[in-house]
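Trainee: sequence first, then the predicted structure, then my questions.
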Amino acid sequence: MTSVRLDDFPVWAVCGPYYREALDPGDVVFFAPKKSATRKAGLDDYVCTGILVVAEKLPCSKDVMADPRLTSEYKKKYRSDLAAHLRRDREQAPRTEKIRPCNFVLGDKSKSEWIGRNQEYLRTALDQAGLHGIAMKLSFRRIPALKEQDVRSLYRRLVGKEL
């Protein structure tokens with residue numbers, strides 16, 4: 001899953017359409033590259049690259065294009081990235097093609113955090129947040145869903161403040 005931060009404005013726009021569809025305001029997303037991408041980067045375990053706290057969702061791409069909070073430069077890049085994904089979806093995932101332009105996620109910029117390549121190992125952060133059982137469940141395919149209290153603990157550990 002990818003997130004773009006433009007002018008300190010966190011969004012989740014194109015990737016992960018099924019995940020974006022299920023999100024509601026207040027939900028928290030911890031971004032971690034796929035295990036294969038992590039290994040390619042020379043890291044030996046999942047890293048957390050960012051945290052997005054959902055503020056709102058724009059229903060469809062025409063709402064994104066009309067939103068004055070997003071710059072014309074961002075909209076141009078968004079339109080290009082969306083078009084590339086939709087071409088691939090048409091060939092490989094027609095069902096996904098229908099929902100990809102929907103549910104553009106706007107993050108709460110006071111709570112969302114870009115961690116980047118600071119090598120914040122997720123397993124270590126979970127252990128340090130007192131979530132050893134969840135840390136042991138990290139697999140090559142999916143990071144387990146967290147309960148609200150676990151989200152708050154991990155957020156506190158990664159960001160250094162309360163959610």
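Mentor: Ah, there it is. Numbering: from 1, shown residues only.
Trainee: helices or strands up against the top helix by length along the chain?
Mentor: The longest helix of the chain (DSSP state H) is helix 72-92. Under the contact criterion of 3 or more Cβ pairs under 8 Å, 6 or more residues apart in numbering; DSSP states H and E, helix 72-92 touches strand 4-6, helix 61-66, helix 94-99. C-betas here are computed from N, CA, C, even on glycine.
Trainee: same thing but 7 Å
Mentor: For helix 72-92, the packing partners by 3 or more Cβ pairs under 7 Å, 6 or more residues apart in numbering; DSSP states H and E come out as helix 61-66, helix 94-99.
Trainee: tell me the contacts of the residue nearest to residue 119 when sequence neighbours are not counted?
Mentor: What sits nearest to residue 119 in space, not counting adjacent residues and going by Cβ to Cβ, 6 or more residues apart in numbering, is residue 47, at 5.8 Å. In this structure, residue 47 makes contact with 32-33, 38, 119-122, judged by Cβ atoms under 7 Å, 6 or more residues apart in numbering.
Trainee: please save the CA atoms from the longest helix of the chain in CSV.
Mentor: Written as CSV, here are the backbone C-alpha positions of helix 72-92 (Å, rounded to 0.1, in the frame of the first residue of the first chain):
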residue,chain,number,x,y,z
SER,A,72,-3.1,21.1,-9.9
GLU,A,73,0.4,19.4,-9.9
TYR,A,74,-0.9,16.7,-7.5
LYS,A,75,-4.1,16.2,-9.6
LYS,A,76,-2.0,15.7,-12.8
LYS,A,77,0.1,13.0,-11.1
TYR,A,78,-3.0,11.4,-9.5
ARG,A,79,-4.8,11.3,-12.9
SER,A,80,-1.7,9.7,-14.5
ASP,A,81,-1.2,7.1,-11.8
LEU,A,82,-4.9,6.3,-11.7
ALA,A,83,-4.9,5.8,-15.5
ALA,A,84,-1.9,3.5,-15.4
HIS,A,85,-3.5,1.3,-12.7
LEU,A,86,-6.9,1.3,-14.5
ARG,A,87,-5.2,0.0,-17.7
ARG,A,88,-3.7,-2.8,-15.8
ASP,A,89,-7.0,-3.5,-14.0
ARG,A,90,-8.8,-3.7,-17.3
GLU,A,91,-6.6,-6.6,-18.3
GLN,A,92,-6.1,-8.3,-15.0
